[in-house]
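In: Could you look at this predicted model? Sequence included:
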Amino acid sequence: MQGRFHYYEGYPLSICAMPVRLMKLLGVSYLIASNAAGGLNPKYKVGDIMLQKDHFNIMGLAGLGPHIGPNDSRFGPRFFPMTNAYDESILNKVRQIVKDLKMENKVHEGVYTCVGGPNYETVADVRALISLGVDSVGMSTVHEVIAARQCGIRCFAFSLITNICSTEYGTTTEDHSCSTEVHSEEVLKVGKDMEDELRIFVEEIVEAISQDT
Ligand SMILES: O=P(O)(O)O[C@@H]1C[C@H](O)[C@@H](CO)O1
């Protein structure tokens, strides 16, 4: 996919996840999802990659999800587990690719969360997410993976760390902005700068998965 629907654009999460259900109808069996995300783990640097071992569904805990409403049983059961949402055998392949491509110094494994956005987080938000065990924060992917898991699609996802979320209140500069705040220009630039490296990374993952099919 080129782009995706986001909750902050005014779409319900069922629409945000709809392309995954379309993929299922087209016969897709693996989902590779990526996102731009803020780094919460103090070890992360801008430009690093975080393989998602899991996600923390903060919107789901608040009652928001792609399956609210009548269940469409073509896509799976009403109730379904999310214990192993991120496929361990794909993760193992990716771990090997990370070694082969000598990317170990910039690749981590961690927990992602999706917030509603479109505003970035306050310092209090960031401190709370860290205390909840979250390593990266973005505005997508969780509901897509939930939709995929209901219908049996195997998932791999990673975050590109485009900015570091501040745990400290910054100093206000002369133009009334703040020294530690995030701007979308920065997020887009890091995404652009990493495009070629990420393309190779994803091509390797597709190749490794396709050897199994
Ligand atoms: O679509 P993703 O989750 O990669 O994009 C993130 C979330 C927002 O759309 C945007 C904020 O900078 O980046």
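Out: Thanks, I have the structure now. Residues are numbered from 1 along each chain as shown.
In: For this protein, what lies in contact range of the ligand?
Out: 4, 6, 35-36, 117, 138-140, 184, 187 (CB under 6 Å from any ligand atom). Where you see a C-beta, it was placed from the backbone N, CA and C, and this is true even at glycine.
In: farthest residue from the center of this protein?
Out: residue 174 (34.6 Å; CA atoms, centre = their mean).
In: Give me the phi and psi angles of that residue.
Out: phi -60, psi -30 (degrees, to the nearest 10).
In: For the residues of the chain next to the ligand, name the two members farthest from one another.
Out: 4 and 184 (15.7 Å; CB to CB).
In: Doesn't residue 140 belong to a strand?
Out: No. Counting by DSSP: H, G, I helix; E, B strand; the rest coil, one finds residue 140 to be coil, located in no strand.
In: Tell me who's in contact with it.
Out: The neighbours of residue 140, taking CB atoms under 8 Å, 6 or more residues apart in numbering as the test, are 4, 6, 16, 33, 35, 114.
In: Now with 7 Å, please.
Out: 4, 6, 35, 114 (CB atoms under 7 Å, 6 or more residues apart in numbering).
In: Could you do residue 97 as well?
Out: 204-205, 208.
In: which SS class is it?
Out: Assignment for residue 97 (three-state DSSP): helix.
In: measure it to residue 209 for me?
Out: Per CB to CB, to the nearest Å, residue 97 is found 11 Å from residue 209.
In: Could you pick out the buried ones from the contacts of residue 97?
Out: With neighbours counted by 16 or more other CB atoms under 10 Å, those contain buried members at 204-205, 208.
In: who does the lengthiest helix in the chain touch, helix- and strand-wise?
Out: As assigned by DSSP state H, the longest helix anywhere in the chain is helix 195-210. With contacts defined as 3 or more CB pairs under 7 Å, 6 or more residues apart in numbering; DSSP states H and E, helix 195-210 has these neighbours: strand 30-39, helix 88-100.
In: The last one: which residues count as buried?
Out: What it means is helix 88-100. 90, 93-94, 97-98.
In: and which of the residues you listed is nearest the ligand?
Out: Using CB to the nearest ligand atom, residue 94 is the member of the buried residues of helix 88-100 that lies nearest the ligand, at 18.2 Å.
In: Show the contacting residues for residue 199.
Out: With the criterion set at CB under 7 Å, 6+ apart, residue 199 makes contact with nothing.
In: Any figure for the gap between it and the ligand?
Out: Using CB to the nearest ligand atom, to the nearest Å, we find residue 199 at a distance of 15 Å from the ligand.
In: now swap in residue 178 and tell me
Out: 17 Å.
In: ok, and what's touching stretch 147-156?
Out: Stretch 147-156 has contacts (CB under 7 Å, 6+ apart) with 17, 20-21, 24, 28-33, 66-67, 75-76, 80, 82, 85-87, 90-91, 94, 145, 205.
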